[in-house]
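Asker: Sequence and computational prediction follow.
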Amino acid sequence: MLEPVNVSLESLNLMTLAPMLIPIIGALLILIIDIAKSNLDKTLYVGISLLFLLIDFSALLSSAGVFAQDGTIMGVFDLMLIDGLAILSQFILVGASLLFIPLALTHKRFHEFSYPEFFALFLFMISGFQFMVATDNLILIFVGLETASLALYTLIAMHNRNKSFEAAVKYFTMGALAAGFFSFGAMIFYALTGSVELGQIATILEANNYADMGYVLVAVVFMLASFGFKLSLVPFHTWAPDVYEGASAAMAGYMSIVPKIAAFIVVMRMFEFLINSGVVWLEVVLYIFVVVTMTAANVWALVQTDVKRMLAYSSISHAGFVMVAILIGTTQANSALFLYWILFSFTNLGAFSMLWISRQKHLPVGQSSDHSYNKFAGMIKTAPVAATIMGLFMLSLAGLPPFALFWGKLYMISSAVTAGYTVLALIMALNSAIAGYYYLKLIVYMFMKEPVVNQDGTVYVANATMSLKTIIGFAAVGTIFAVIVVNPLLEFITAFVYNSGY
């Protein structure tokens, strides 16, 4: 007869669950309040969301303090893994969410913000992404991935425009395919090793000297395809421009940041042990992915006539740029990934939010899209402050010094050179130069062309509410003054990455 096993609460280390449970509690509270009394002002739900996100951020600070003192923390039967990667990525997740949520206080015509369900789904989505990055268990990664994805599909559809429904369906279809690929890959890894924990999978494969390399190849191909969709790497990117176009501008900016950092962390945990073990073919495949994604996305961005789609292809190119860190696999490269994505978060969310103030409810006759380059023509005369801030974001995305993303690009290219990837570093620099053209193209339209007069004789003038101005201003300040904090931030990031063994 088997004796019962006593498990103490202390050994479970339930505090590792705190950062993920906080947004879930907030989401349930919003739903309960809505059931008890409906039609309350959306300001209440924005306040509740911000409160729980701030509590979540405080819990992460506490976890960071414990990690700095005790090192990697395991909990809940070793399902939860709180290390430097988990903490840093959750800081980005929650920080970007704190920037995004106040945008719900903007103009009433964005009616999805009047639904309590929007904020509940948003908090569920954040929790799902946090589960993804705070574990090395393939099952829990899958649960977190699907929780976040299902919420995000609905958030896109709630924008309630024809293109929004189309975008949500495309994203759902591609997401379902990616989930299937992930499941098949995980199944093969489990069949080979008898484990679903990435650490044990790495240990067992290495102990067997990769005897079943053919099956490992199949599993890795499935995983690459799965996360290729999530990271919108070429050729798995086809959904991204249409989905970004169908979502609201701010949601598109948010999608270009938060889901991708969660996917980057999982890919880093999954592939770097294979690359460091000398699996040459994986290094070659990732090299091709990186170069093709950077280059092809830049070429497509060059020919876009809609600024929102241009920024969508730009985001794909940036994802390829950051994938270099996964390929290189050094502490310097992994630290550069986090630095790059933090600086990118400010700049890209600010740029997409600037599109929001230029949104038109009804398109003028002859205008095929809401964010055509012509609409930005002469903005320096009609809205000089907006034109200056948008120009600032474009210069930062182009990587011009001393603006934020220049430092991210500099450290990423430097890590490639240090690791001996000189040709790759040259390709990265060349792609940054190509990207500069389509960013400067928008600046030329804003500063050097005359405003386009509509058929009714009016000229478009940008306008924004105070909450939108505040968020954009905060992003602009972060973009300008990043140079001041880059070195201490990089030291902080490097310490957490190094102590995590990456």
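Answerer: That came through fine. Numbers count the residues shown, from 1 in each chain.
Asker: Can you give me every residue that contacts Val497?
Answerer: For Val497, the contact set (C-beta atoms under 8 Å, 6 or more residues apart in numbering) comprises Gly84, Leu85, Leu88, Thr331, Asn334, Ser335, Phe338. Backbone N, C-alpha and C define where each C-beta goes, glycine included.
Asker: same thing with Ala476?
Answerer: Taking C-beta under 8 Å, 6+ apart, we find Ala476 in contact with Gly350, Ile389, Leu392, Phe393.
Asker: tell me the two of the residues you listed that are most distant?
Answerer: The largest separation in the contacts of Ala476, counting by C-beta to C-beta, is between Gly350 and Leu392 at 8.3 Å.
Asker: Please identify every residue contacting each of the two.
Answerer: Taking C-beta under 8 Å, 6+ apart as the contact criterion, the residues that touch both Gly350 and Leu392 are Ala476, Thr479.
Asker: of the two, who's got more company?
Answerer: Relative neighbour count places Gly350 above the other of Gly350 and Leu392, with 27 against 21, counting by other C-beta atoms under 10 Å.
Asker: Which strand or helix spans the more buried one?
Answerer: Here Gly350 is covered by helix 331-357, with elements defined by DSSP states H and E.
Asker: gap between that helix and the chain center?
Answerer: Once both centres are worked out by C-alpha atoms, centre = their mean, to the nearest Å, helix 331-357 turns out to sit 9 Å from its chain's centre.
Asker: tell me which strands and helices it is in contact with?
Answerer: In terms of contacts (3 or more C-beta pairs under 8 Å, 6 or more residues apart in numbering; DSSP states H and E), helix 331-357 is packed against helix 84-100, helix 249-255, helix 258-276, helix 307-328, helix 384-398, helix 404-418, helix 466-480, helix 482-499.
Asker: For the contacts of Val497, which two are the farthest from each other?
Answerer: Farthest apart among the contacts of Val497 - using C-beta to C-beta - are Leu88 and Thr331, which lie 12.9 Å from each other.
Asker: Show me which of those two is the more surrounded one.
Answerer: Set Leu88 next to Thr331 and count neighbours by other C-beta under 10 Å: Leu88 wins out with 27 against 16.
Asker: contacting residues for that one?
Answerer: Phe338, Ile493, Phe496, Val497.
Asker: Show me which pair in those is furthest apart.
Answerer: Distance extremes for the contacts of Leu88: the farthest pair is Phe338 and Phe496 at 8.3 Å, using C-beta to C-beta.
Asker: Compare those two and say which is more crowded by neighbours.
Answerer: Phe338 (28 against 22).
Asker: right, and that one touches Ile493 too?
Answerer: Yes - the pair Phe338 and Ile493 passes the contact test of C-beta atoms under 8 Å, sitting 4.7 Å apart.
Asker: Not counting sequence-adjacent ones, nearest residue to Lys163?
Answerer: In this structure, Lys163 finds its nearest non-sequential neighbour in Gly246, 3.9 Å apart by C-beta to C-beta, 6 or more residues apart in numbering.
Asker: What confidence value was assigned to the one you found?
Answerer: At Gly246 the predicted local confidence, pLDDT, stands at 79.
Asker: That one: neighbouring residues, count only.
Answerer: By the other C-beta under 10 Å criterion, the neighbourhood of Gly246 contains 23 residues.
Asker: Also Ile35?
Answerer: 9.
Asker: what's around Phe181, how many residues?
Answerer: A count of neighbours around Phe181, defined by other C-beta under 10 Å, yields 20.
Asker: That one: what's it in contact with?
Answerer: If you count contacts by C-beta under 8 Å, 6+ apart, Phe181 has them with Phe222, Met223, Ala225, Ser226, Phe229.
Asker: If you count neighbours, what's buried in the lengthiest helix in the chain?
Answerer: Secondary structure of the chain per DSSP state H: the longest helix is helix 162-193. By 16 or more other C-beta atoms under 10 Å, the buried positions in helix 162-193 come out as 164, 166-168, 170-172, 174-175, 178-179, 181-182, 184-186, 188-189, 192-193.
Asker: that older thread, same list, the helices and strands packed on helix 331-357, but as a markdown table with distance to Val452 please.
Answerer: Putting the helices and strands packed on helix 331-357 into a markdown table (distance: least, C-beta to C-beta, whole Å) gives the following:
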| stretch | distance to Val452 |
| --- | --- |
| helix 84-100 | 31 |
| helix 249-255 | 20 |
| helix 258-276 | 34 |
| helix 307-328 | 14 |
| helix 384-398 | 14 |
| helix 404-418 | 30 |
| helix 466-480 | 23 |
| helix 482-499 | 34 |
